[in-house]
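*Asks:* 3D model of this:
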Amino acid sequence: MKNLFAFLLLLPSFVFAQFDQFKLLSEKERASVVDEILEDRIDNLLPQLMERENLDMWLLISREYNEDPVMKTILPSTWLSARRRTIMVFNRNKESGQLDKIAIARYSVGRLLKGEWNIDVYPDQWEALMNIINEKNPNTIGLNFSKDFALADGLVHTEYEEFMENLPQEMHSRIRSAERLAIAWLETRSQKELEIYPMICRMGHTILQEGLSEKIIHPGITTTSDVEWALRQLVRDYGLDTWFHPSVSIQRSDEGNKEFLRSFSNRPKDQTILAGDLLHVDFGITYLRLNTDQQQHFYVLKPGEKEVPDYLKKVFENGNRMQNILVENFKKGKTGNQILADALAQAKAEGLNASVYTHPIGLHGHAAGPTIGLWDSQGGVKGKGDYPLFENTAYSIELFAATEVPEWGKIVRIMLEEDGVYGKDGFYFLDGRMEEILTIPRN
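*Replies:* Okay, the predicted model is just below:
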């Protein structure tokens with residue numbers, strides 16, 4: 001599989017390539033990559049995270065089709081759901097540093113977790129689990145329950161009650177919320193993931209270039225809904241998945257400030273695209289279990305125009321500047337709310353009218369980790385915004401900068417979103433970012 005990773009890294013590096021330049025992996029090849037990444041994460045990353053969060057044992061318990069969202073990220077490629085009741089046990093040996101990986105289930109979980117439920121010895125599954133807990137004798141036992149993070153709250157009520165009824169009373173005091181470990185597992189990107197993530201973001205950018213082009217858009221005929229479904233179809237045609245339906249919206253000179261004043265939830269459902277429109281798109285793909293989330297702008301040239309008007313170029317520069325301000329405030333240990341407050345204060349000092357609603361990304365689109373503002377909560381987000389920034393975590397830098405445009409007699413909002421990683425050397429965009437508004441048709 002090492003050769004396969006090397007091959008992935010040799011894929012085209014230019015953003016505006018046609019999609020057929022990419023070599024998409026077959027289903028079997030994708031499964032091999034997914035499993036290799038997962039095994040590496042469990043063997044090398046999880047022990048470090050358990051030590052950091054001071055948990056000796058981590059239990060994940062789910063029944064088929066009602067899986068803990070964390071468990072779904074630990075299932076191998078050939079498991080599309082849990083089977084019957086699946087119980088995963090990760091036990092950290094403090095002395096050796098080794099991780100016991102056990103499945104209390106009727107099956108081994110792929111190559112990852114060895115099935116250790118001997119039904120002839122322990123007819124009851126809970127009894128088999130208690131035997132393992134007694135044998136390992138952990139000081140702390142983590143379960144996935146959380147008030148603030150839905151992704152870390154995957155242990156359902158029935159399973160929790162049955163577990164606690166079977167756990168010896170003297171061990172009840174050892175139970176801890178595994179919230180921070182669950183978040184750490186979901187948010188931390190391994191080296192292998194960081195190697196392939198730029199390519200996945202490049203795929204998303206490339207589909208955007210095709211979907212928002214003269215190949216798809218005929219001014220006066222094509223609607224925003226047409227473009228949204230064209231993007232969905234392109235994703236399907238190229239053998240990928242998406243985790244949300246794309247959205248395309250319009251700002252134009254003859255509509256006053258109603259685009260700026262309306263909320264994100266009140267965008268028109270369908271509009272015909274006209275020459276002179278400034279288009280905005282929100283789009284994401286899923287590949288090899290990693291997600292993208294990208295927002296960009298495109299300008300529909302009027303007859304005789306060759307480029308984007310200068311006044312819109314200036315507006316776009318303010319959007320790029322706001323991106324810079326936000327990522328400059330990324331510092332290890334700062335909470336999402338601290339980053340938000342510092343970035344907004346700096347933007348205000350520079351005369352920018354901006355809003356920040358940035359979120360982690362990775363194994364989920366709106367992923368686990370520090371929330372850095374919500375579009376309707378610019379004063380901070382209780383709970384999820386209080387979580388700190390760690391290294392090797394990925395984010396969708398999502399925000400807007402709004403600027404008065406006299407030529408249109410209105411405020412124009414530049415809404416941008418690009419994916420990047422915060423590491424030991426600071427923040428970087430995985431596949432660069434949009435530095436200018438692109439035209440339809442392209443020059």
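*Asks:* which regions of the stretch 251-400 of the chain sit below the pLDDT cut-off?
*Replies:* 255-267 (pLDDT under 70).
*Asks:* for it, what spans make up the strands?
*Replies:* Residue ranges of the strands in the stretch 251-400 of the chain, as given by DSSP state E, counting those that start in this stretch, are 278-283, 286-287, 290-291, 294-300, 353-356, 359-360, 393-405.
*Asks:* ok and the first one relative to strand 393-405, angle-wise?
*Replies:* Think strand 278-283. Relative orientation of strand 278-283 and strand 393-405, computed by axes from the mean of the first three to the mean of the last three CA atoms, to 10 degrees: 170 degrees.
*Asks:* and for strand 278-283, what are the contacting residues?
*Replies:* Residues from elsewhere that reach strand 278-283 (CB atoms under 8 Å, 6 or more residues apart in numbering): 204, 207-208, 211-212, 224, 227, 231, 242, 246-252, 273, 293-300, 312, 412, 415, 417, 437, 440. Yep, even glycine has a C-beta here, placed from its N, CA and C like the rest.
*Asks:* can you pull out the helices in the stretch 1-150 of the chain?
*Replies:* Using DSSP state H, counting those that start in this stretch, the helices of the stretch 1-150 of the chain run over residues 2-9, 27-40, 46-52, 69-74, 125-136.
*Asks:* Of all the ones you listed, which one is nearest Thr393?
*Replies:* helix 46-52 (12.0 Å; CB to CB).
*Asks:* and that closest one, average pLDDT?
*Replies:* Helix 46-52 carries an average pLDDT of 96.
*Asks:* And that helix, what does it pack against?
*Replies:* Counting contacts by 3 or more CB pairs under 8 Å, 6 or more residues apart in numbering; DSSP states H and E, helix 46-52 packs against strand 85-92, strand 99-104, helix 179-187.
*Asks:* The same query, at a cut-off of 10 Å, please.
*Replies:* strand 57-63, strand 85-92, strand 99-104, helix 179-187 (3 or more CB pairs under 10 Å, 6 or more residues apart in numbering; DSSP states H and E).
*Asks:* Let's have these in TSV, adding mean pLDDT.
*Replies:* Conversion of the helices and strands packed on helix 46-52 to TSV gives the following (pLDDT from 0 to 100):
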stretch	mean pLDDT
strand 57-63	96
strand 85-92	94
strand 99-104	91
helix 179-187	98
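*Asks:* ok, back up a step: out of the contacts of strand 278-283, which end up buried?
*Replies:* For the contacts of strand 278-283, a burial check counting by 16 or more other CB atoms under 10 Å picks out 204, 207-208, 211-212, 224, 227, 231, 242, 246-252, 273, 293-300, 312, 412, 415, 417, 437, 440.
*Asks:* Is it possible to get CSV of the strands of the stretch 251-400 of the chain that adds distance to Thr158?
*Replies:* Output for the strands of the stretch 251-400 of the chain, formatted as CSV (distance: least, CB to CB, whole Å):
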stretch, distance to Thr158
strand 278-283, 37
strand 286-287, 30
strand 290-291, 30
strand 294-300, 39
strand 353-356, 39
strand 359-360, 30
strand 393-405, 33
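*Asks:* Of all those strands, which one is nearest Asn324?
*Replies:* Comparing those by CB to CB, strand 393-405 comes nearest, at 9.9 Å.
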